[in-house]
Structure formats: structure tokens, C-alpha cells
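Q: quick check, what structure comes out for this input:
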Amino acid sequence: MTTILVNQDLCTRCGICAIVCPMGIVSPAGENTLPKVPDEKAGACIRCGHCEIHCPSQALLLNCLIDEKGTLPAGAGAISKEDLGPYLKKRRSVRHFTKELVPQETVAGILDVARYAASGGNGQPVGWLVILDPKKVHRLAGLVVDWMRTLENSSHPMSGYVPGLIAAWDAGMDPVCRGAPHLVVAHIPEGNPIAPVDAIIALTHFDIAAPAFGVGACWAGFFSMAARSYEPLKEALALPPGREYSYSLFFGYPQYKTYGIPRRNPVLVEWR
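A: As a prediction, the model looks like this:
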């Protein structure tokens, strides 16, 4: 299969497609030839799309997932630093949620943003498990508390911390998922050394995109500690064969709005 498709009427032979290809497999156009990927190099293509999206004349098409080909509306993506800075700075972990459920199509919209997150070699290794049923989220949180009970009076670093969390759960509170109605789990191929970072990048995209959909999220730290080692929780998650837990967020509609930007320490940086 031809790796790239080039419209000879639109191609200006500028050579940008060959320059930006991270794998260096695109041969630039000649006086009487169009850019191409030689057959012997086609297997090295990682389908990142750099050749296509950098083509100023829109003459080149990466020959995969062609149905997804689209153009940016005028002005799309042109976010000023005056808009982007405050948006990111006011992002908060949300731990208080309304009872209203987030529609599946809204979650799908956030995931559609997250799937464009960077990944090593464009491997796109991240898969998702979304728990929409609040009762199931609560049950999973209960399994995390069961894990905490096994840590009491042990040498585990959390042993001195869990009694208060267990007491809160037994009193009817939820210190694990904070009563959030939904949970999203990122899972990755077992044994992939770079996939854990890819998953965190993808989850960060979810976390940052969520407020634009009216949704708030929080990183599920206690849940993630348990999900990697506690067999009853691993069995309850029932991830696909060959996949392993990476990290998760609990989320829902925020109960309270934010009206400012919190204080933070100065940037810790060394310039050289």
C-alpha cells in the first residue's frame, strides 16, 4: 500500500514533508517527481501525520484512517497566551460533585481530545475503562478501603495513615473517590517501558480538557496504589488480557465554581 498520496496539481515541491518526517523516510520531490516513501522504508512509518499536517498546500495525504481527514476551521487552535494561561492556572482538582450524571457522549468527547495526546513513537498504547455507574464506582472505592485494612499494623508506608481513611469510610464518607459518580481508568500493554508515561500524558489531556466540557476531575491516588497490587480490585476491574493498570481519574460535574487562581511557589529553575 502506498504510504502517502500526493496531489500533483497541488504539490509545490517545497520539501517540507521530507524535512519534518521524524523517521526520515519521505523522499523529497524532484523536478519531475512527487514526494514519496520508498517501499523499502514504508515499514518504518509510524503514522504520526507530520508530513500531512505540515503541507502548506494540503497536497499530501497519509494513506491511513483517511475518513478522519479534516481541516481546521478558521481560527481553530489559535489560543492566545492571555486565554490559555488563565485557563490552565485556574484548573483545580475537584472533590465535590453534584448528583447529576455526565452523559456518555460528553465523556466520549473528552476522550476524543485525549486520544490525540503525545505518545512515544506515536505508539498510541493507551486504552480506557470508563465506569459510568456511581454504584460501581462506590463498590470499587470500597475495595480500596479493604486494601487499606490489610495495611494496618504493617510495615507499609501507608500503615499509619490508613486508620483515619478507614474510619471516614466506615462513617459514611468516601475518602477514595470523594463521592464522584464516574471513574476513568487508563490501561496500557504489559511490559511496555514507555507506555506508563504515555498514559499520564493522555490522562492529563483528559484532566485539562474536562473543564471545557463543564466537567471536573481529580487524580485517584489511593485508588491507583491499590489497583496495582490488590488482587480483588484487579479482578473487579477486569482489564483486557495483556493490559495493565496505569492510573485513573474520578470525575463528575463540580458542585462549586472557582473564582480565582491559587497561589503557587515560584518556578524552581536553573538556567544554563
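Q: work out for me the element the residue most central in space within the chain sits within.
A: Centroid-nearest residue in the chain, with Cα atoms, centre = their mean: Ala202, separated by 1.6 Å. Element membership for Ala202 (DSSP states H and E) is helix 195-209.
Q: pairing partners for the helix or strand just after that helix, with directions?
A: Going down the chain from helix 195-209, the next helix or strand is strand 216-219, by DSSP H and E. Each strand paired with strand 216-219, and its direction, by DSSP bridges: strand 243-252 (antiparallel).
Q: distance from the partner strand to the middle of the chain?
A: 10 Å (Cα atoms, centre = their mean, to the nearest Å).
Q: could you export that strand as PDB, CA atoms only?
A: Taking C-alpha atoms only, strand 243-252 is exported to PDB below (Å, rounded to 0.1, in the frame of the first residue of the first chain):
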ATOM      1  CA  ARG A 243      -3.200  -5.000  29.600                       C
ATOM      2  CA  GLU A 244      -2.200  -3.500  32.900                       C
ATOM      3  CA  TYR A 245      -3.500  -0.600  35.100                       C
ATOM      4  CA  SER A 246      -1.700   2.700  34.700                       C
ATOM      5  CA  TYR A 247      -3.600   5.400  36.600                       C
ATOM      6  CA  SER A 248      -7.100   6.900  36.900                       C
ATOM      7  CA  LEU A 249      -9.200  10.000  37.500                       C
ATOM      8  CA  PHE A 250     -12.600  10.300  39.200                       C
ATOM      9  CA  PHE A 251     -14.800  12.900  37.700                       C
ATOM     10  CA  GLY A 252     -18.300  14.500  37.500                       C
END
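Q: buried ones in stretch 7-22, by neighbour count?
A: 11, 13-14, 16-18, 21 (16 or more other Cβ atoms under 10 Å). (C-beta placed from N, C-alpha, C; glycine too.)
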